[in-house]
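> Quick one, what's the 3D model for this:
(chains A, B and C)
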Amino acid sequence: MNYWLMKSEPDVFGIEHLKKMPKQTEHWDGVRNYQARNMMRDDMKKGDLVFFYHSNTEQPGVVGIMKVVREAYPDYTAFDPESKYYDPKSDPDKPRWFMVDVKYQRHTRRNITLAELKQYPELEDCPLVRKGNRLSIMPLNKQQWDFILDLENTD
DNA sequence: GCCAACGTTGGC
DNA sequence: GCCAACGTTGGC
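Predicted coordinates:
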């Protein structure tokens, strides 16, 4: 079982959107970065747990937990000229981009903010807190996952 | 294969 | 809205 963190802008698709989806499940489309794609396609397994992270917002941070319910399959938004994620170089016979399905589990008890996460030496190896990091999907080890999750019970 | 130009992410 | 960081593209 692996642990992950995935970023999304709450104005575009936030945790409230996921919670309101049928079956509280949605496909995680629009990943257009090879490093993120590779991890999602190769390493993300059914049952893996994922932190939902709100980016590009007033208080970026971890706001909830979701679970991978379907492993990687072609991201069809890449084939749709109407989609903002359209990529003419992705061939349906040889798709370039992939997505997984995730299901809402719960909100964390509070927004565990980036500002806060940056303070802890326990997390200094995590790409999230490194300056200029733009990875939208990143793996966490169990220690990092547990550490962040414990923070929801502090003030 | 190098690298300048350009586009995007995302914190602030 | 600004801009640093970084990924991608494409000319050579």
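
> distance of the residue in chain A positioned nearest to DNA strand B from A:Thr113?
Nearest residue of chain A to DNA strand B: A:Pro60, at 3.5 Å (Cβ to the nearest atom of the strand). For the C-beta atoms, the positions are set from N, CA and C on the backbone; glycine is no exception. For A:Pro60, the distance to A:Thr113 (Cβ to Cβ, to the nearest Å) stands at 7 Å.

> Which one's more surrounded, those two?
For A:Pro60 versus A:Thr113, neighbours defined as other Cβ atoms under 10 Å are more numerous around A:Pro60 (19 against 16).

> ok, now which ones touch that one?
A:Tyr53, A:His54, A:Thr113, A:Leu114 (Cβ atoms under 8 Å, 6 or more residues apart in numbering).

> repeat that with 7 Å
Applying Cβ atoms under 7 Å, 6 or more residues apart in numbering to A:Pro60 gives the contacts A:His54, A:Thr113, A:Leu114.

> Measure how buried the residue in chain A positioned nearest to DNA strand C is and give me the count.
Scanning chain A for the residue nearest DNA strand C gives A:Gly132, at 2.2 Å (criterion: Cβ to the nearest atom of the strand). Neighbouring residues of A:Gly132 were enumerated by other Cβ under 10 Å; the total is 5.
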